[in-house]
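1. Could you look at this predicted model? Sequence included:
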Amino acid sequence: MVSKKEKYYRSLYEIAAVVNSANTPESVLDAVARTVSQALNAKGCSLMLLSPDRKVLLHTVACGLSDWYVRKGPVSADRSISEVLQGKPVAILNATEDERMQYRAQAKQEGIASLLSAPIFLKGEVVGVIRVYTAEQHYFANSEVYFVQAAANLGAIALERAKELRQCLNEVGRLEEERRQFVRFLSVVAHDLQSPLVATQSILSYIKDGYTGEVTEGQKDLLQRGIRRIDELLVLITDLLDIPRIEAGQLRYEMHEISLNGVIRQALAGMDNLARQKGLELKVELPESAHKVCASSRRLQQVLNNLVSNAINYTREGMVILRVKDYNDDVAVEVLDTGIGIPCDEIPRLFTDFFRASNVKTAGTGLGLSISKRIIEAHGGRIWAESPCPESGKGSKFTFTLPRIQVSETKAQ
Amino acid sequence: MQRRPRILLVDDDVDLVKVMSGALESKAYDVIVAYNGREGLEKAKREKPDLVVLDILMPVADGFTFANEFRNDPALAKVPVLALTSFSESLGQPFPFEVSEYIAKPIKPRDLVAKVERFLKKTGTSQ
């Protein structure tokens, strides 16, 4: 047979587990009432919390009692349990006759013989009362009183925690909603800023391509210049609006398990041409077994595009190499070139907003690398640059890492 | 006699529609124009286009709503849809139905015509 002591320990253990879990205030109190009632083989147990004005106790949860009894009315704090509220447990042997009982007739009808009332403490203050009811007359032993009180105090802590947790969750929900609204706002701004530019550019292309009639070479050149300036502005708008979008954590909703090789192939489509036009060799070294990463395909392509097009733009002769490597538990993508390199004292500032290396002459926003850094970090990776490239002693080398998804055996089948 | 290939152009930008339809008409396509998804659906059901060029962000039934209903119509289910997306706009989720190709805005009218020609050749509707 399980000893009483063991039963109490186990009950306290169970209550402590509830305290530790993230539960609603109601479920916490309910668990306390049930566990105490079972441990003492009692008819029932209830927890009452003091009203804010501390004048009455309100039944918060009860087990083993009829709804009728629970709803009989508030227990006035000054009458039946003033002693309890001063911090002392009170046992009543004869509940149907004891003068201290406020609802004697009701207790008789409910079949309550004896009851124990003990204070619930929180941070040294009485916040409510726990009551244990028995169907037979019962003298409550000291061990029982201590047990009930310990259980109730644990419950009070849990209650407080549950309330705090609810507040935190409400706050988190509010912030999430604010963030969603902000990203929606940015999408509208982006769309409204870009639409007129996109339309204007199409009109210029339409004229330049001769749809409205013959165009002279001089006119073509001017139209092309207009188109290029609009391109610059479109890129700037996209870059500027990308920063808050990425920082608002928008990437989370775009991240899926994808093949790194696949993303690289997509991103490099068209880059071959760009390299060939400059007489450069673009070498891509992909591992045979495709690495899986959890990433936004669109954003990862943006990073790859940025690194490879930079490498091509800033290399006059030689080659650009992109390769994938294992990097501890992560996977690393390296982009190496034989280009002009980066002045070594400028490397630390390379990934900051609007920074442009002093040896760069072509147009650009100076946001490409800082956005790439944000994207990689939002994926849980790192990005860095070395110049000259340690392997070749020329140009520069950019590396970024991404956490690798471990392919489980069942999935691999 | 075989009718000329019919293109339905759905975009809320009046200027874009003007140049895109001008470029397509110069290639002897029949171009039907709609300025929102709702109007686009009505015209698609009535005119049975051979190909649709569809903007995604539009007022009054966007491209999502359009393509959803469009694909549910057995007469239209197989018609190629070229979706236009503004190049910085994030759909946030994959397009929930099959689109034949995504085209990032800005697109040159000439390039759009080339894409349309390629798709019509694939489906055997080219003249």
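-> Now that the structure is in, tell me what you want to look at.
2. for the chain, what are the low-confidence residue spans?
-> Because you didn't say which chain, this covers chain A. A:1-2, A:22-23, A:59, A:77-80, A:406-413 (pLDDT under 70).
3. meant chain B actually
-> In chain B, residues with pLDDT under 70: B:1-2, B:59-61, B:86-98, B:125-127.
4. can you give me the strands for it?
-> B:6-10, B:30-34, B:51-55, B:81-86, B:101-105 (DSSP state E).
5. can you pull the buried residues of the last one?
-> Pointing back at strand B:101-105 there. B:I103, B:K105 (16 or more other CB atoms under 10 Å in any protein chain shown). Just so you know, the C-beta spots here come from the backbone N, C-alpha and C atoms, and that holds for glycine as well.
6. Which strands or helices does it pack on?
-> strand B:81-86, helix B:109-123 (3 or more CB pairs under 8 Å, 6 or more residues apart in numbering or on different chains; DSSP states H and E).
7. In a markdown table, list those along with distance to A:A31.
-> Formatted as a markdown table, the helices and strands packed on strand B:101-105 follow (distance: least, CB to CB, whole Å):
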| stretch | distance to A:A31 |
| --- | --- |
| strand B:81-86 | 52 |
| helix B:109-123 | 64 |
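8. Columns mean neighbour count on top of the ones you listed, output as TSV?
-> TSV is the format used below for the helices and strands packed on strand B:101-105 (neighbours: other CB atoms under 10 Å in any protein chain shown):
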stretch	mean neighbour count
strand B:81-86	22
helix B:109-123	17
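9. can you give me how far the longest helix seen in chain A is from the chain middle?
-> When chain A is parsed with DSSP state H, its longest helix is helix A:142-208. Offset of helix A:142-208 from its chain centre (CA atoms, centre = their mean, to the nearest Å): 9 Å.
10. List the contacts of the most centrally placed residue in chain B.
-> When CA atoms, centre = their mean is applied to chain B, the residue found nearest the centroid is B:V53 (1.4 Å). Residues near B:V53 by CB atoms under 8 Å, 6 or more residues apart in numbering or on different chains: B:I7, B:L8, B:L9, B:V10, B:D11, B:M20, B:L82, B:L84, B:L112, B:V116.
11. any chance of those residues in CSV, plus distance to A:L50?
-> CSV is the format used below for the contacts of B:V53 (distance: CB to CB, whole Å):
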residue, distance to A:L50
B:I7, 75
B:L8, 70
B:L9, 71
B:V10, 65
B:D11, 66
B:M20, 72
B:L82, 69
B:L84, 65
B:L112, 73
B:V116, 76
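12. out of the residues you listed, who's near chain A?
-> Among those, the ones lying near chain A by CB under 8 Å from any CB of the partner chain are B:M20.
13. Of the contacts of B:V53, which is the nearest to chain A?
-> B:M20 (7.3 Å; CB to the nearest CB).
14. pretty sure the closest one contacts B:D11?
-> Yes - B:M20 is in contact with B:D11 according to CB atoms under 8 Å; the separation is 7.2 Å.
15. So A:R131 belongs to a strand, correct?
-> Yes - per DSSP: H, G, I helix; E, B strand; the rest coil, A:R131 lies within a strand segment.
16. That one and A:P119 touch, don't they?
-> No - with contact defined as CB under 8 Å, A:R131 does not count as touching A:P119 (10.9 Å).
17. between the two, which one's more packed in?
-> A count of neighbours by other CB atoms under 10 Å in any protein chain shown puts A:R131 above the other of A:R131 and A:P119, at 28 against 23.
18. tell me the contacts of that one?
-> Counting by CB under 8 Å, 6+ apart, the residues that A:R131 touches are A:C45, A:S46, A:L47, A:M48, A:L115, A:L116, A:S117, A:A118.
19. In strands, which of those residues appear?
-> Short answer: these in strands (DSSP E) are A:C45, A:S46, A:L47, A:M48, A:L115, A:L116, A:S117, A:A118.
20. Can you report how many residues lie near the spatially closest residue to the fourth one that is not a sequence neighbour?
-> Translated: A:M48. Nearest residue to A:M48 in three dimensions, chain neighbours excluded: A:L57, at 3.9 Å (CB to CB, 6 or more residues apart in numbering or on different chains). Applying other CB under 10 Å, we find 24 residues neighbouring A:L57.
21. which SS class is A:L57?
-> A:L57 ends up strand, using three-state DSSP.
22. Strands of the stretch 201-350 of chain A, residue ranges please.
-> A:256-259, A:281-285, A:292-295, A:319-327, A:330-337 (DSSP state E, counting those that start in this stretch).
23. which one of those is the most hemmed in?
-> Burial of the strands of the stretch 201-350 of chain A is given as mean neighbour count (mean count of other CB atoms under 10 Å in any protein chain shown); strand A:330-337 ranks first at a mean of 22.
24. counting contacts, what elements does it pack onto?
-> Contact here means 3+ CB pairs under 8 Å, 6+ apart; on that basis strand A:330-337 packs against helix A:260-268, helix A:297-313, strand A:319-327, strand A:397-403.
25. what's the closest of the ones you listed to A:L251?
-> A:L251 lies closest to helix A:297-313 among the helices and strands packed on strand A:330-337, at 5.9 Å (CB to CB).
26. does the closest one come close to chain B?
-> Yes - using CB under 8 Å from any CB, helix A:297-313 reaches chain B at A:R298.
27. just checking, what packs against that helix?
-> strand A:256-259, helix A:260-268, helix A:271-277, strand A:319-327, strand A:330-337, helix A:368-378, strand A:397-403.
28. Could you tell me which residues of chain A lie near chain B?
-> Counting by CB under 8 Å from any CB, chain A sits next to chain B at A:187, A:190-191, A:194-195, A:197-203, A:205-206, A:209, A:211, A:230, A:234, A:237-238, A:241-242, A:245, A:250, A:253-254, A:298.
29. ok, now with 7 Å
-> By CB under 7 Å from any CB of the partner chain, the residues of chain A that approach chain B are A:187, A:190-191, A:194-195, A:198-199, A:201-203, A:205-206, A:209, A:211, A:234, A:238, A:241, A:250, A:253-254.
30. Buried subset of those as a PyMOL selection?
-> Buried subset of these, written as a PyMOL selection, criterion 16+ other CB under 10 Å:
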select buried, chain A and resi 187+190+194+195+198+199+201+202+203+205+206+209+211+234+238+241+250+254
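31. for A:R298, what are its contacts?
-> Counting by CB atoms under 7 Å, 6 or more residues apart in numbering or on different chains, A:R298 touches A:E254.
32. ok, so what distance separates it from A:Q266?
-> To A:Q266, A:R298 is 10 Å away according to CB to CB, to the nearest Å.
33. Next: A:S392.
-> On the measure of CB to CB, A:S392 and A:Q266 end up 27 Å apart.
34. Any chance of the ones in strands among the contacts of A:R131 in JSON lines with neighbour count as columns?
-> Rendered in JSON lines, the data for the ones in strands among the contacts of A:R131 read as follows (neighbours: other CB under 10 Å):
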{"residue": "A:C45", "neighbour count": "28"}
{"residue": "A:S46", "neighbour count": "26"}
{"residue": "A:L47", "neighbour count": "27"}
{"residue": "A:M48", "neighbour count": "25"}
{"residue": "A:L115", "neighbour count": "25"}
{"residue": "A:L116", "neighbour count": "24"}
{"residue": "A:S117", "neighbour count": "24"}
{"residue": "A:A118", "neighbour count": "28"}
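35. Once you drop chain neighbours, what's closest to A:W384?
-> Setting aside the residues directly before and after it, A:W384 is nearest to A:T399 in space (CB to CB, 6+ apart), at 5.8 Å.
36. One more: A:Q250?
-> Nearest to A:Q250 is A:V183, by CB to CB, 6+ apart, at 5.3 Å.
37. Same check on A:D326?
-> A:A332 (7.3 Å).
38. Tell me how far that neighbour lies from chain B.
-> 27 Å (CB to the nearest CB, to the nearest Å).
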